[in-house]
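1. Sequence and predicted structure below; questions after.
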Amino acid sequence: MDYGLHYTGYLIILEKHNDINWISNIKDLKSTNGYVFTLGGTTVSWKYSKQTYIARFIMISEFIDLDKVREKAKWIQNFLENITC
């Protein structure tokens, strides 16, 4: 009851920022990626991880990363719709 996210009078906008680092470690040839979702300027979800596959081109890594972030964005959107109804 003492903890929570508090929003006051501002327009609440869900924003997403993500980045990918293609083959950051030459030993395992895997890319790293991360994302942050903010709601009204407050971080509500974030992740930084090594990808579980080896992509031969950075564009493939970018597309796969965007798909994973899209899934998370859809989950957050559904969650927000359920708690505001």
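-> Okay, I see it. Residues are numbered from 1 along each chain as shown.

2. What does the pLDDT read for the residue positioned nearest the centre of the chain?
-> What sits nearest the mean C-alpha location of the chain, by Cα atoms, centre = their mean, is residue 35, with 3.3 Å. pLDDT recorded at residue 35 is 85.

3. Is it in a helix, a strand, or coil?
-> Following DSSP: H, G, I helix; E, B strand; the rest coil, the label given to residue 35 is strand.

4. gap between it and residue 72?
-> Using Cβ to Cβ, to the nearest Å, residue 35 is found at 7 Å from residue 72. (Each C-beta comes from the backbone N, C-alpha and C, glycine too.)

5. Identify the contacts common to the two.
-> 45, 47 (Cβ atoms under 8 Å, 6 or more residues apart in numbering).

6. got a list of what the residue nearest to the centre of the chain touches?
-> By Cβ under 8 Å, 6+ apart, the residues touching residue 35 are 16-19, 45-47, 69, 72.

7. Show me those residues that map onto helices.
-> 69, 72 (DSSP state H).

8. how about a markdown table for the contacts of residue 35, with distance to residue 56 added?
-> As requested, the contacts of residue 35 are exported to a markdown table (distance: Cβ to Cβ, whole Å):
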| residue | distance to residue 56 |
| --- | --- |
| 16 | 26 |
| 17 | 26 |
| 18 | 21 |
| 19 | 20 |
| 45 | 30 |
| 46 | 28 |
| 47 | 24 |
| 69 | 21 |
| 72 | 25 |
